[in-house]
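S.K.: Got a predicted structure here, sequence first:
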Amino acid sequence: MRSVRTPAELTTAFRTAGLKVTPQRQLLFRLLHDNRAHPTADALFATASVDMPGISLRTVYQTLNDLVAMGELQALSVGGGSTRFDPNTDDHHHLVCSSCGVVRDVYLDGVGGLRPQGIDGFDVTATSVVFHGRCTSCHPSSSNPTK
């Protein structure tokens, strides 16, 4: 799994791209490093606000959008309304729990070989597979069928 670069590397990348590096952005870089939760902007804002009460939601969105534009994050629409941000930029797909909303990475072989039918000249540039179901925490256990 290729994770988002270290906070120090992101700081350098931002400066190289001519983007301002602020303490708020550096906090977001730290929160995203090795983050596998696929957070929403609102979730990152809530977490960041604990450490830095003055951070704005606009700063969070702008930083996330800048990171997506730089190829450091993937923006995901996996249902549930809010865009999720994935620091794993490897070629991978996702599992989404329909009960609690947790999103996990999954690697699949052979996805590049999928060829949709009836697309009449549509140029497919990327394929994204999202599996929906229930995670082990939400799935009824086999010993309790009434759950």
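M.R.: Nice, thanks for sending it over.
S.K.: Okay, buried residues for the top helix by length along the chain please.
M.R.: The longest helix of the chain (DSSP state H) is helix 57-69. In terms of neighbour count (16 or more other Cβ atoms under 10 Å), helix 57-69 has its buried residues at 59, 60, 62, 63, 64, 66, 67, 68. Backbone N, C-alpha and C define where each C-beta goes, glycine included.
S.K.: Quick one: these as TSV, columns for distance to residue 127 and pLDDT too.
M.R.: Listed next are these as TSV, based on distance: Cβ to Cβ, whole Å; pLDDT from 0 to 100:
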residue	distance to residue 127	pLDDT
59	33	97
60	29	98
62	29	97
63	28	97
64	23	97
66	26	96
67	23	95
68	19	94
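S.K.: any idea which of the residues you listed is closest to residue 47?
M.R.: residue 60 (9.8 Å; Cβ to Cβ).
S.K.: In three-state terms, how would the closest residue to that closest one other than its chain neighbours be classified?
M.R.: Spatial nearest neighbour of residue 60, chain neighbours left out: residue 45 (4.6 Å); criterion: Cβ to Cβ, 6 or more residues apart in numbering. State at residue 45, reduced to three classes by DSSP: H, G, I helix; E, B strand; the rest coil: helix.
S.K.: how much space between residue 45 and residue 52?
M.R.: 10 Å (Cβ to Cβ, to the nearest Å).
S.K.: Can you name the element that comes right after the longest helix of the chain?
M.R.: Using DSSP states H and E, the helix or strand that directly follows helix 57-69 along the chain is strand 74-76.
S.K.: same for that next one, what does it pack against?
M.R.: Contacts defined by 3 or more Cβ pairs under 8 Å, 6 or more residues apart in numbering; DSSP states H and E place strand 74-76 against helix 57-69, strand 84-86.
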